[in-house]
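S.K.: Provide a 3D model corresponding to the input given below.
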Amino acid sequence: RVMAQDAVDFALGERARSLPSITASTPLVGAEGLKAATRRRAAIARDRGWTAARVDHLLGRYGSEIATLLEMIDADPDLGRPLEHADAYLRAEVAFAVTHEGALHLEDILTHRVRLDYETRDRGAAAADEIADIAAPLLGWDATTRADEVDSYRRRAAAIRAAEQESTDAAAAAARQRAEDVRPLVPLPVP
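M.R.: Numbers count the residues shown, from 1 in each chain. This is a model prediction of the structure:
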């Protein structure tokens, strides 16, 4: 929130003084109704056949938005299955990343949404095909786009693993840069 406030203040320039930020008092998505959702924790676990740890993970990640995930699973029970190569995550979390969080690329899903990039030794590469299979119809990917997304992510994951083996920052940066990003970064114009 502090970084967001700083970015907005920077964008507003002098106007920031007369338009104070309200970000500190604005609830995050999923925060409203969290206490009520948390009270349902045991019932959710029992009704779904899940462990308390799975429900805690979902509440911690999605807050009261867990209701949306449950609705998605009710509409498509296959989404209630864990990912084959990352069983701490449900297929619904991948679908939610696309339908509710604006993810457009496999890299975004694995890095910023389900976060397998940080939580598995292979950076989620083993789960990439299954995640792409879930995301592809939601994003309208054809077979070529799906394959390109998986290949791009695996090259990126391999480049990061190679960078982690380097002994200097410069060598690590060079190793990471050997794999192009699925969407190259575009510098923002400076006001």
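S.K.: all contacts plus neighbour counts: C-alpha atoms, from now on.
M.R.: Noted.
S.K.: pLDDT score for the most centrally placed residue in the chain?
M.R.: Most central in the chain under Cα atoms, centre = their mean is Arg113, positioned 0.5 Å from the mean C-alpha point. Confidence at Arg113, expressed as pLDDT, is 91.
S.K.: ditto for the one 4 residues further on
M.R.: What the model reports as pLDDT for Asp117 is 88.
S.K.: Tell me the secondary structure at the closest residue to it other than its chain neighbours.
M.R.: Nearest non-adjacent residue to Asp117, counting by Cα to Cα, 6 or more residues apart in numbering: Arg123, 3.9 Å away. What DSSP: H, G, I helix; E, B strand; the rest coil gives for Arg123 is coil.
S.K.: related to what we said a few turns ago, list the contacts of the residue nearest to the centre of the chain.
M.R.: Arg113 sits next to 94, 97, 103 when contact means Cα atoms under 8 Å, 6 or more residues apart in numbering.
S.K.: Just the residues contacting stretch 139-155, thanks.
M.R.: Residues contacting stretch 139-155 (Cα under 8 Å, 6+ apart): 98, 104-107, 125, 128-129, 132-133, 136, 179-182.
S.K.: Looking at the residues you listed, state which has the most neighbours.
M.R.: Leu106 (26 neighbours; other Cα atoms under 10 Å).
S.K.: ok, now which ones touch it?
M.R.: Contacts of Leu106 (Cα under 8 Å, 6+ apart): 128, 131-132, 135, 149-150, 153.
S.K.: OK, contacts around the residue nearest to Asp117?
M.R.: Arg123 touches 116-117, 157, counting by Cα under 8 Å, 6+ apart.
S.K.: picking up where we left off before, what would the contacts of Leu106 look like in JSON lines with distance to His57?
M.R.: Listed next are these as JSON lines, based on distance: Cα to Cα, whole Å:
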{"residue": "Ala128", "distance to His57": "21"}
{"residue": "Ile131", "distance to His57": "19"}
{"residue": "Ala132", "distance to His57": "22"}
{"residue": "Ala135", "distance to His57": "21"}
{"residue": "Glu149", "distance to His57": "27"}
{"residue": "Val150", "distance to His57": "26"}
{"residue": "Tyr153", "distance to His57": "25"}
